[in-house]
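Colleague: sharing a model that was predicted from the sequence below.
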Amino acid sequence: MPPHISPTLAPQPDSFDVAIVGAGVVGCGIARSFAIRGWKTIIIEKASDILEGASKGNSALLHTGFDEPPGSMELELIKRGYETYQRIHSRMNLPLVKTGAAVVAWDEEQLRKLSDIAAHSRHNGVSAAILGQSALLDAEPGLSPRALGAVHIPDEAIVDPWSAPLGYVRQAIMHGAVLSTDSEVRDFRRRAGGWQIETSRGSMFARLVINAAGLFGDQIELLAGRTPGFGIRPRKGQFVVYDKSAHDLITSIILRVPTERTKGVLLARTVFGNLLLGPTAEEQDDRVRAACDEQVLRRIMEEGEAMLPALAGQPVTAAFAALRPATEHRDYVLRVDRHNGWITVGGIRSTGLSASLGIGEWVAEQGSAVLGKPGKANAPSDDDLDWPLMPAIAETLPRPYSQSPRSPIVCHCEWVTESEVRNALGGLAAAGTLGGLKRRTRIGMGRCQGFGCSGALHRLAPHLCGPPDQTSPP
Amino acid sequence: MNLEPEVLVIGAGPAGLSAAAEMARLGVQDVIVVDRETDAGGMPRYCSHATFGLAQFWRPMSGPAYAAKMCSMVDTRLIRTATTVTRLGLDLETTISSERGEAVLKPRHVLLATGIRETPRSALLVSGERPSNILTTGALQRILAEGRGLPFRRPLIVGTELVSFSALLSLREGGARAVAMTEPGDRITARRPADLLARLVMGTPILYGATVVRINASANNAGRLASVTISRTDGSSEVVECDAVVFTGRFIPEASLLGANSDLQDPGSRGPAIDQRWRLGAPGIYAAGNLLRPVETAGWCAAEGRAAGASIAADIATPLSQRGRRIPIATNNPIAFTTPSYITTGETGSDQLRLGVRMSRAARGCFVLSADGKPLWRSPVMSALPERRILLLPSLPDLSRIDEFQLHLEPGED
């Protein structure tokens, strides 16, 4: 090849094969799948960190898809996501605890539905067994004796909802992807062979755009002059996190038989050693602000206590509200616009954590075809990939405070060491917000909520703790 | 380090240090005091105002000066700071973690002196968004101790306990003036004239009959606090602009080492349930200080620590088999709980009980201590208030045939 034409083949710093809009759990999963296939990938995120939208709060479950509609994309991708997570989690040091789930019937009418639920689950390829009252109460002795029976789904599991997507995006970066935070998309301009993307941090070209903008998915479509075909209808979920003393009150995830009116709240252990109660499902217009409501929290706590009487009086560690990007459609909105180099990944409501790796694989297969290299549709073998080793913040893994070399504990509720905090402030996809630092380390997430560690937080991460007051004494 | 000390003291605050000093004075030298913080001295280290030491050392001292004085009473070689107890077994097997490594101790006695923490916003279930700068007094004082100043200027203080006024003073040191303090009742929880201090010296109004019911984020930045909504007892509500909210007090015993062993905890205080000799229901475990009962002064906690240290020193010489029976002290509204909540039989020495009482609401009348329903002792009280020290000094009868004590308040005339 003549040397004078080589510069045109040199990598263009602002030119990418794929631009993914949104660094939520779905965007992180998609970025991983493109990057490991060798596509030059950028993730564009308007917030200062990943997971700052819908992905910052969820029930932290890895679903089997047992109750999803057969034939739906949601079911297919949840199952694929579950299989992929199960295959790769230990390579990244991510927890997977198969607690199992019990879909509990609380009255005769619900009891009659159990056989249908079990049959539906098996039809979806998910094993299920019906438990009578005594078997259920043997397995879950804390449940109220009003529990009449249940469908047991042994493969339902709990995971770390923040380290998992962080691991996906770190692996993407290890395979050459760029994570651009503080980058709000201002405009999309159609260019030959792709899109020119104007962001608050500069301009870039991408041959293929993936819209994984979550709560802003429809607005991103409109910004690109496209017809969304869906509208985001934010659905708020409020949760209560109980202290670690409540963790052992149940073993499996406690679900309810869905009624016409509501799917009801669930109870689940968390991998951090707490007990989680929630969520509610409340429609709202605001796409950013998710407020807790004391009356609603007290109502779901009563619901929880009705299911699990020993919950009464258990100390509450935290309460939070999160938004799901629901749409008018029951299924995910997945559309491949091959002609325009655009893939829409919208309406990933509440199963995004479970399905993210499956969505990533599906989108990268479709995208590889659009990009003209169907041969890249298959990912390299796991053994040929680079893997990030995620910090062990789940209590199901050996934690750094008990390992060597050691560093002083700075968060005494969650036993977070100073070196864990320092590590999260640097390296790949470093913490860009205080919330991001908490999600990476657990600092400040415990029962005292910063009573003991706020000094250390301000010392170690002053740039994330707000501007110091210049006029105050030194 | 001796992995099988006679006594492990958990917490190097006023109670833990005083216990160690007292045990040393009584000849018990095989003691280790651990504290998770990098410096010993406990909570007073963060309170720089001169409100310490009066009752104990007859002069006003700053918190750090008081903490240093307490530390000076204990051989520093006994104290291990930056050392976190991660597990305490009922067999007293104790796992500690520090920079030097993890170690398992097998002490013969353990004194819990782990103090208290404040109730944060989330546990209070306050409605609204979750912007930054929602904190507790403890967090505020720790941030100030870092010396970088405060990232806010116009905080609102929730509560009027003693610690709330400590927050007010700390804020002044940080160059911030509280826009208001809120109190759900019609009088401050702390003793007067703290209210005058707030209003006249600090220029901070106290809003009575006021409860913070919602945290409001800024309209264009969900991460920034804009205001709080306050509901008044007359049914009205108002919005108060502020750039931080300090939730003060509502102290909770730091009893998490007891884990799910709820039978060792007092349901009223949520701290350890002790007998008159500072012993828990599990043999060899003792507790003293604010962990027992939010919240007392540092001087009071120090006195409890001394008494608990003396009790441990005495028990070292006494075989467990000679330990008596634990008789519970039952209470009912408006008495929240007593400290101790058990009386162990067969103890030598004083037969006068020092019974701390906490109220769940203000009341007046006559405290009546009964044994198996039969009144033994009465003490009239003009005004028994929540969060205040009430000390009863009844004489103990012959305990051999008593199954349960009852303490109740016979209502007085209004």
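Modeller: Alright, I've got the coordinates. Residues are numbered from 1 along each chain as shown, chains lettered A, B, ... in the order given.
Colleague: could you use CA atoms for every contact and neighbour count after this?
Modeller: Fine.
Colleague: so for chain A, which residue is the most central one in space?
Modeller: In chain A, the C-alpha nearest the mean C-alpha coordinate belongs to residue A:353, at 3.8 Å (Cα atoms, centre = their mean).
Colleague: tell me the SS of it?
Modeller: Applying DSSP: H, G, I helix; E, B strand; the rest coil to residue A:353 yields a three-state assignment of helix.
Colleague: that one: what's it in contact with?
Modeller: Neighbour list for residue A:353: A:25-26, A:55, A:60-62, A:161 [criterion: Cα atoms under 8 Å, 6 or more residues apart in numbering or on different chains].
Colleague: if we go to 7 Å?
Modeller: Residue A:353 is in contact with A:25, A:62, A:161, counting by Cα atoms under 7 Å, 6 or more residues apart in numbering or on different chains.
Colleague: up against chain A, what does the stretch 101-250 of chain B have?
Modeller: B:101-102, B:117, B:120, B:122-123, B:125-129, B:136, B:138-139, B:142-143, B:146-152, B:174-175, B:222 (Cα under 7 Å from any Cα of the partner chain).
Colleague: now, among the contacts of residue A:353, which is nearest to chain B?
Modeller: Ranked by distance to chain B (Cα to the nearest Cα), these are led by residue A:161 at 19.3 Å.
Colleague: you'd agree that closest one is up against residue A:60?
Modeller: Yes. Counting by Cα atoms under 7 Å, residue A:60 is a contact partner of residue A:161 at 5.1 Å.
Colleague: from the residues of the stretch 101-250 of chain B next to chain A, which land in helices?
Modeller: Among these, the ones falling in helices (DSSP state H) are B:138-139, B:142-143.
Colleague: what residues does the longest helix seen in chain B touch?
Modeller: What stands out as the longest helix in chain B, according to DSSP H, is helix B:298-316. The contact list for helix B:298-316, computed with Cα under 7 Å, 6+ apart, reads B:14-16, B:18-20, B:22-23, B:26, B:28, B:53, B:55-56, B:277-278, B:288-290.
Colleague: how many neighbours does residue A:177 have?
Modeller: Counted by other Cα atoms under 10 Å in any protein chain shown, the residues lying close to residue A:177 total 25.
Colleague: what do you get for residue B:150?
Modeller: Residue B:150 has 25 neighbours, counted by other Cα under 10 Å.
Colleague: re earlier: what about residue A:161 and residue A:60, which has more around it?
Modeller: Neighbour totals were compared for residue A:161 and residue A:60, and residue A:161 leads with 25 against 20 (other Cα under 10 Å).
Colleague: let me know the secondary structure of the more buried one.
Modeller: Using three-state DSSP, the structure places residue A:161 in coil.
Colleague: can you tell me how far it is from residue A:307?
Modeller: 25 Å (Cα to Cα, to the nearest Å).
Colleague: next one: residue A:105
Modeller: Using Cα to Cα, one obtains 11 Å as the distance from residue A:105 to residue A:307.
Colleague: what do you get for residue A:259?
Modeller: Applying Cα to Cα, the value for residue A:259 to residue A:307 is 16 Å.
Colleague: what of residue A:288?
Modeller: To residue A:307, residue A:288 is 32 Å away according to Cα to Cα.
Colleague: out of the two, which sits in the more crowded spot?
Modeller: residue A:307 (23 against 18).
Colleague: and that one, backbone torsions?
Modeller: When read as degrees, to the nearest 10, the backbone of residue A:307 gives phi -80, psi -40.
Colleague: test my guess that it contacts residue A:144.
Modeller: Yes. Counting by Cα under 7 Å, residue A:307 touches residue A:144, with 5.4 Å between them.
Colleague: ranges for the helices of chain A?
Modeller: Taking DSSP H as the test, the helices found in chain A are A:6-9, A:25-36, A:73-88, A:108-123, A:133-139, A:163-174, A:217-223, A:294-307, A:352-370, A:418-424, A:434-441, A:454-460.
Colleague: would you format the ones you listed as TSV with mean pLDDT included?
Modeller: Listed next are those as TSV, based on pLDDT from 0 to 100:
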stretch	mean pLDDT
helix A:6-9	42
helix A:25-36	98
helix A:73-88	98
helix A:108-123	97
helix A:133-139	98
helix A:163-174	98
helix A:217-223	98
helix A:294-307	97
helix A:352-370	97
helix A:418-424	96
helix A:434-441	97
helix A:454-460	95
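Colleague: does residue B:3 touch residue B:108 like I think?
Modeller: No. Between residue B:3 and residue B:108 there is no contact under Cα under 7 Å: 10.5 Å.
Colleague: who has more neighbours, those two?
Modeller: residue B:108 (17 against 13).
Colleague: ok, now how distant is the most far-flung residue of chain B relative to its centre from residue A:170?
Modeller: Centroid-distance maximum for chain B: residue B:220 at 40.0 Å, with Cα atoms, centre = their mean. Counting by Cα to Cα, the gap from residue B:220 to residue A:170 is 31 Å.
Colleague: likewise residue B:114?
Modeller: Distance, residue B:114 to residue A:170, using Cα to Cα: 40 Å.
Colleague: number of nearby residues for residue A:289?
Modeller: The number of residues packed near residue A:289 is 24, by other Cα under 10 Å.
Colleague: what number of residues lie near the closest residue to it other than its chain neighbours?
Modeller: Leaving aside its chain neighbours, residue A:289 sits nearest to residue B:222 (6.0 Å; criterion: Cα to Cα, 6 or more residues apart in numbering or on different chains). The number of residues packed near residue B:222 is 18, by other Cα under 10 Å.
Colleague: hang on, isn't residue B:222 packed against residue B:215?
Modeller: No. Residue B:222 is beyond contact range of residue B:215, at 11.0 Å (criterion: Cα under 7 Å).
Colleague: ok, residue A:218 - contacts?
Modeller: A:228, A:230-232.
Colleague: check residue A:447 too.
Modeller: By Cα under 7 Å, 6+ apart, residue A:447 lies in contact with A:243, A:317, A:413.
Colleague: what about residue A:35, distance to residue B:101?
Modeller: Distance from residue A:35 to residue B:101, by Cα to Cα: 40 Å.
Colleague: these two - which one has more neighbours?
Modeller: Comparing residue A:35 with residue B:101 by other Cα under 10 Å, the one with more neighbours is residue A:35, at 24 against 16.
Colleague: wait, isn't that one in contact with residue A:178?
Modeller: No. Look at residue A:35 against residue A:178 with Cα under 7 Å: they stay out of range, at 9.5 Å.
Colleague: who touches both of those two?
Modeller: By Cα under 7 Å, 6+ apart, residue A:35 and residue A:178 have these common neighbours: residue A:41.
Colleague: for residue B:151, grab the count of nearby residues.
Modeller: Look at residue B:151: counted by other Cα under 10 Å, it has 20 neighbours.
Colleague: per-residue pLDDT, residue A:376?
Modeller: Predicted confidence (pLDDT) for residue A:376: 82.
Colleague: contact partners for it?
Modeller: Applying Cα under 7 Å, 6+ apart to residue A:376 gives the contacts A:37, A:368.
Colleague: ok, it to residue B:219 distance?
Modeller: Counting by Cα to Cα, the separation of residue A:376 from residue B:219 is 46 Å.
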